[in-house]
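S.K.: My questions concern the predicted model and sequence given below.
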Amino acid sequence: MILTEADLAPFRDANGLAHLEPLPGFLESAAALLSPGRVVLPSQMLTPTRKAFETEWNAFDSSRARETLQAIPVLAFRRHVPFLNPAVEWRGLVHQCSGFYCQQMRMIATRLRPRPAIAAHLNAIARKHYDADAGFLHPDNLRASQVVSYVETLARLGLDCDVSWRNLTEGAYPIDATQKHLDLLTEEALPLAEIADWSDQEPRHNAVILLLAWNSD
């Protein structure tokens, strides 16, 4: 679903933020104090990525995953959403990932069109990790060796996930949201500072570049 500020306005709290994920236990209570009027965006505002990207993913063949899997890069907000630049097309998405864990990753995201020279490398990342760890590649299961291997793969492309590595899971592969990385990945991206009203936030703490791909389960 394409979202505008008019769609998000009823869900912004007193601090001007819209929230995507419910917080567990005491964190929810703390959030209520820090963000008066905090309301989580309803699921009907989020489109499953299998539907949103079905044109690209309809050629996927699980018997030939290493040949047909495609990665779609997006710049995403996963936790809370600042005011967004209306010149950018924003979508409410929910992405099934994490293999057999079937995590439903919620986000407000804008699609990035990768440079042709790097698109094949992004697909290779998704193909390498399809059905990784026998379908159990999930943040709760991450081993240091898996993180190191992924970091080394990104480094060969001039990218990194120094801040965002905790998002690593099957079907969603993180890259830090920096201007350098946007410039390497795409020719079309707006300057990062113009994508949203960061309101004195460090952009890297509240946004992530994700390579979204088909989940094995």
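M.R.: It's in.

S.K.: give the contact list for residue 90.
M.R.: Under the criterion of Cβ atoms under 8 Å, 6 or more residues apart in numbering, the contact partners of residue 90 comprise 2-4, 84, 108-110. Yep, even glycine has a C-beta here, placed from its N, CA and C like the rest.

S.K.: If we use 10 Å, what do you get?
M.R.: For residue 90, the residues meeting the contact criterion (Cβ atoms under 10 Å, 6 or more residues apart in numbering) are 1-5, 7-8, 75-77, 81, 84, 107-111, 195-196.

S.K.: same thing with residue 56?
M.R.: Contacts here follow Cβ under 10 Å, 6+ apart; on that basis residue 56 touches 70-72, 214.

S.K.: Also residue 168?
M.R.: Going by Cβ under 10 Å, 6+ apart, the list of residues near residue 168 reads 129, 132, 137-139, 142, 146-147, 150-151, 161, 174.

S.K.: Now for the residues you listed: which two are most distant?
M.R.: Across the contacts of residue 168, no pair lies farther apart than 138 and 151, at 17.8 Å, counting by Cβ to Cβ.

S.K.: between those two, who's got more neighbours?
M.R.: When residue 138 and residue 151 are compared for neighbours, residue 138 comes out ahead with 19 against 15, by other Cβ atoms under 10 Å.

S.K.: So which helix or strand of the protein has the lowest pLDDT on average?
M.R.: Ranked by mean pLDDT, DSSP states H and E, the helix or strand of the chain with the weakest confidence is helix 25-34, at a mean of 42.

S.K.: Alpha carbons only: can I get the helix ranked longest in the chain in PDB?
M.R.: Among the elements of type helix in the chain, defined by DSSP state H, the one spanning the most residues is helix 116-129. As requested, the backbone C-alpha atoms of helix 116-129 are provided in PDB (Å, rounded to 0.1, in the frame of the first residue of the first chain):
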ATOM      1  CA  PRO A 116      23.000  -2.700 -13.100                       C
ATOM      2  CA  ALA A 117      26.600  -3.400 -12.100                       C
ATOM      3  CA  ILE A 118      25.700  -4.300  -8.500                       C
ATOM      4  CA  ALA A 119      22.300  -5.900  -9.000                       C
ATOM      5  CA  ALA A 120      23.700  -9.300  -9.700                       C
ATOM      6  CA  HIS A 121      25.800  -9.100  -6.600                       C
ATOM      7  CA  LEU A 122      22.700  -8.300  -4.500                       C
ATOM      8  CA  ASN A 123      20.900 -11.300  -6.000                       C
ATOM      9  CA  ALA A 124      23.900 -13.500  -5.200                       C
ATOM     10  CA  ILE A 125      23.600 -12.500  -1.500                       C
ATOM     11  CA  ALA A 126      20.000 -13.600  -1.400                       C
ATOM     12  CA  ARG A 127      20.700 -16.800  -3.300                       C
ATOM     13  CA  LYS A 128      23.600 -17.700  -1.000                       C
ATOM     14  CA  HIS A 129      21.400 -17.400   2.100                       C
END
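
S.K.: Thanks a lot, catch you later.
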